[in-house]
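**Student:** Task: produce atomic coordinates for the following.
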Amino acid sequence: MKRAWTGYKIAKKDGDHDKMKYYAEGIQKFERQLRLPVSDLDILKGDARNGVGSQTTKQKEESGAANNEL
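**Tutor:** Reported below is the predicted structural model:
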């Protein structure tokens, strides 16, 4: 997860939105797997407002399954 955060910060500094989104999705995936609070990253909020889903169906199912296990 540390490498994903480093990649996200570099992409943000460079203004590369595609890479920022890639790393942000990875960060959130790791956080869900580790059952940590999921970071609220701006790059993914913008996509949701524009009608682009930030989570795939599989990711939604996995996050729902993780919540049911508690």
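
**Student:** I figured Gly26 was touching Thr6, is that so?
**Tutor:** No: Gly26 is not in contact with Thr6 according to CB atoms under 8 Å; the separation is 11.4 Å. (Glycine included, C-beta is placed from N, CA and C.)

**Student:** So which of those two has more stuff around it?
**Tutor:** The neighbour count for Gly26 versus Thr6, taken as other CB atoms under 10 Å, is higher for Gly26 (16 against 11).

**Student:** Output the strand or helix carrying the more buried one as CSV, restricted to C-alpha atoms.
**Tutor:** Assigned by DSSP states H and E, Gly26 belongs to helix 17-33. Provided in CSV are the C-alpha atoms of helix 17-33 (Å, rounded to 0.1, in the frame of the first residue of the first chain):
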residue,chain,number,x,y,z
HIS,A,17,-5.3,12.0,-13.7
ASP,A,18,-5.3,8.5,-15.2
LYS,A,19,-2.5,7.3,-12.9
MET,A,20,-4.0,9.1,-10.0
LYS,A,21,-7.2,7.2,-10.5
TYR,A,22,-5.3,3.9,-10.9
TYR,A,23,-3.4,4.3,-7.7
ALA,A,24,-6.4,5.6,-5.8
GLU,A,25,-8.4,2.5,-6.7
GLY,A,26,-5.5,0.4,-5.6
ILE,A,27,-5.2,2.2,-2.3
GLN,A,28,-8.9,1.7,-1.6
LYS,A,29,-8.7,-2.0,-2.6
PHE,A,30,-5.9,-2.6,-0.1
GLU,A,31,-7.7,-0.7,2.6
ARG,A,32,-10.8,-2.8,2.1
GLN,A,33,-8.8,-6.0,2.2
